[in-house]
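>>> sequence first, predicted coordinates after that:
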Amino acid sequence: MNKEQKLIFEYSKAGRTGYSLPELEVPDVDMDAILPAEMQRTDSPELPEVSELQIMRHYTALSTRNHGVDSGFYPLGSCTMKYNPKMNEDSARLKGFAHLHPYQPDYQVQGAMQLMYELQEELKEIAGMDEVTLQPAAGAQGEWTGLMMIRAFHEANGDLIRTKVIVPDSAHGTNPASATVAGFDSVTVKTDERGLVDLDHLKEVVGEDTAALMLTNPNTLGLFEEDIQEMAAIIHQAGGKLYYDGANSNAILGIARPGDMGFDVVHLNLHKTFTGPHGGGGPGSGPVGVKKDLIAYLPKPLLVKENEAYKWDYDRPESIGRVKPFYGNFGINVRAHTYIRTMGAEGLRKVSEYAVLNANYLMRLLEPYYDLPYNKHCKHEFVLSGKRQKQLGVRTLDIAKRLLDFGYHPPTIYFPTNVEECMMFEPTETEAKETLDEFADAMIRIAKEAEESPETVQEAPHTTVIKRLDETLAARKPVLRHEFSKKEEVYQS
Ligand SMILES: *Cc1c(COP(=O)(O)O)cnc(C)c1O
């Protein structure tokens, strides 16, 4: 089905509808009694007017042109795109969960509170933390929440000069951003030739103004920070705290715990590691765990268990306050709890063993054809460099576009920025060996094309509905309703 993809607005005909409603049985709303006339809109919003079948076909067609884990291999590094077991969906749709109202009194929702409590306990165990909050709605919000707690801790100690958060140059962009939003200045620490934090540089930048070090381990290059205990000692001796970005914990489940490595605060992305669906801006969940001396600062209310009953503790004078209305994204919590329970402790450990095995297998298949900047055992992801191909005039962006012709979602590209022409792959634990073999064949073919017929790669994609797009134009110059007639012009200018 390779016909041109129209926009839904192009099917629109004035007066056509995709619904039928019964006659109104109650008096119509008198708008003038609700809103002053000058505040009411005078013309209808320009929404597409289409039949039910048209809208059904439109979205079905779009869905088949989308990349998703359910339709194809999606090796996006640093943002775990793993399979979302459908059993999670069944649990989240159970009426007793799906039909709850956040204003129901505690005695009516003890089951939901029990689920949240048990999930907190599971995450405490997985991360090696003393207490957990499920409130934050995303990884980035978890980072901010954690940093606000670190800030409250230093302020409570009268330690007001701690204004700096140290972040490695390979860190996810949300790390320095969260530090800034939490009122800190972020300071960069360099990566050394091993692909790990440069210890000498860390010693240089740490000082009495250090509030925290933010780190992910394995780091964003997919390498385990072997010196983590020494780093923890350096930061703690200086009076700072260690923050663990656990958005992607696929390498450590049941094997290593941030709490044991010396971290004081951790956030986990339930929508990555714990199989909540994500991408496209869906609901996330970024629970935060802390060690004992930060518990007082956790967002309130805190879920506690007393005499076999669950209740919300609001009496928390040192809390940083609420970070999200109600109690977090409950549906994602149900999915994560279902996943953790179905896997069990042994299953979770296997997740990480297979994730690491898959990454190393794929890395070795591709190593002869692309530059491998850090030639050692990787964890759940690895980076390659397209340097060799660039010398032939083929950029990493071209390689990513060419992968679309083979039906693959490309890896993360040009990140981390300390690797030239970087490509970052994360083949998760649920991928079969055959999938990895086929993907490697496509990558190897592209490497050969770069040598023999570079234009094939430079002009890709050839098989998609829309060919190569201007990467930034759509953001800089969105197509407005009245410009549809000029669509071609706008896209190609
Ligand atoms: C995804 C990710 C984040 C941010 O999580 P969001 O839920 O997207 O806000 C932070 N750090 C790392 C390493 C990530 O991969």
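All right, it came through fine.

>>> can we go C-alpha only for contacts and neighbour counts from here?
Noted.

>>> interface residues of the stretch 151-300 of the chain facing the ligand?
172, 174, 245, 247-248, 284 (CA under 6 Å from any ligand atom).

>>> would you turn those residues into JSON lines with pLDDT?
As requested, these are exported to JSON lines (pLDDT from 0 to 100):
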{"residue": "H172", "pLDDT": "91"}
{"residue": "T174", "pLDDT": "94"}
{"residue": "D245", "pLDDT": "98"}
{"residue": "A247", "pLDDT": "95"}
{"residue": "N248", "pLDDT": "95"}
{"residue": "G284", "pLDDT": "92"}
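
>>> which of those residues ranks first by neighbour count?
Within these, D245 tops the neighbour count with 30 neighbours, counted by other CA atoms under 10 Å.

>>> which ones are touching K291?
By CA atoms under 8 Å, 6 or more residues apart in numbering, the contact set of K291 is 129-131, 259, 264-265.

>>> quick revisit: closest one to M443 out of the residues of the stretch 151-300 of the chain next to the ligand, please.
Nearest to M443, judged by CA to CA, of those is N248 at 24.6 Å.

>>> list the contacts for the closest one?
So N248 contacts 78-80, 268-269, 272-273 (CA under 8 Å, 6+ apart).

>>> next, count neighbours for the nearest residue to I332 once chain neighbours are set aside.
In space, and not counting its chain neighbours, I332 is closest to G276: 5.9 Å by CA to CA, 6 or more residues apart in numbering. When neighbours are counted by other CA under 10 Å, G276 registers 27.

>>> would a markdown table of the contacts of N248 with pLDDT, neighbour count and secondary structure be doable?
Listed next are the contacts of N248 as a markdown table, based on pLDDT from 0 to 100; neighbours: other CA atoms under 10 Å; DSSP: H, G, I helix; E, B strand; the rest coil:
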| residue | pLDDT | neighbour count | secondary structure |
| --- | --- | --- | --- |
| S78 | 89 | 25 | coil |
| C79 | 88 | 19 | coil |
| T80 | 92 | 26 | coil |
| L268 | 98 | 27 | strand |
| N269 | 97 | 28 | coil |
| K272 | 95 | 28 | coil |
| T273 | 96 | 24 | coil |
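
>>> which two of those have the greatest separation?
Farthest pair in these, by CA to CA: S78 and L268, 13.2 Å.

>>> the most centrally placed residue in the chain and A127: what is the separation?
With distances taken as CA atoms, centre = their mean, the residue of the chain nearest its centroid is C79 (5.0 Å). Distance from C79 to A127, counting by CA to CA, to the nearest Å: 19 Å.

>>> cool, and V304?
Between V304 and A127 the distance is 19 Å, computed by CA to CA.

>>> which stretches of the stretch 301-450 of the chain form strands?
302-306, 309-313, 382-385, 412-413, 422-425 (DSSP state E, counting those that start in this stretch).

>>> and the closest residue to the ligand within the stretch 201-350 of the chain, how far is that from D159?
Residue nearest to the ligand within the stretch 201-350 of the chain: A247 (4.8 Å; CA to the nearest ligand atom). Relative to D159, A247 is positioned 29 Å away (CA to CA).

>>> and what of A345?
To D159, A345 is 40 Å away according to CA to CA.

>>> so where's the stretch 1-150 of the chain uncertain?
1-3 (pLDDT under 70).

>>> surely the residue of the stretch 201-350 of the chain closest to the ligand meets H267?
Yes - the criterion here is CA atoms under 8 Å, and A247 meets it with H267 at 6.6 Å.

>>> next, P22: phi, psi?
phi -70, psi 160 (degrees, to the nearest 10).

>>> near V457, how many other residues are there?
25.

>>> only alpha carbons, please: show stretch 112-128 as PDB.
Extracted in PDB, the C-alpha atoms of stretch 112-128 (Å, rounded to 0.1, in the frame of the first residue of the first chain):
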ATOM      1  CA  ALA A 112      -4.700   0.000  44.800                       C
ATOM      2  CA  MET A 113      -2.700   1.300  47.700                       C
ATOM      3  CA  GLN A 114      -1.400  -2.200  48.400                       C
ATOM      4  CA  LEU A 115      -0.200  -2.500  44.800                       C
ATOM      5  CA  MET A 116       1.600   0.900  45.000                       C
ATOM      6  CA  TYR A 117       3.100  -0.100  48.300                       C
ATOM      7  CA  GLU A 118       4.300  -3.500  47.000                       C
ATOM      8  CA  LEU A 119       5.800  -1.800  43.900                       C
ATOM      9  CA  GLN A 120       7.700   0.600  46.200                       C
ATOM     10  CA  GLU A 121       9.000  -2.300  48.100                       C
ATOM     11  CA  GLU A 122      10.100  -4.100  44.900                       C
ATOM     12  CA  LEU A 123      11.900  -1.000  43.600                       C
ATOM     13  CA  LYS A 124      13.600  -0.400  46.900                       C
ATOM     14  CA  GLU A 125      15.000  -3.900  46.700                       C
ATOM     15  CA  ILE A 126      16.000  -3.600  43.000                       C
ATOM     16  CA  ALA A 127      17.800  -0.300  43.500                       C
ATOM     17  CA  GLY A 128      19.100  -0.900  47.100                       C
END
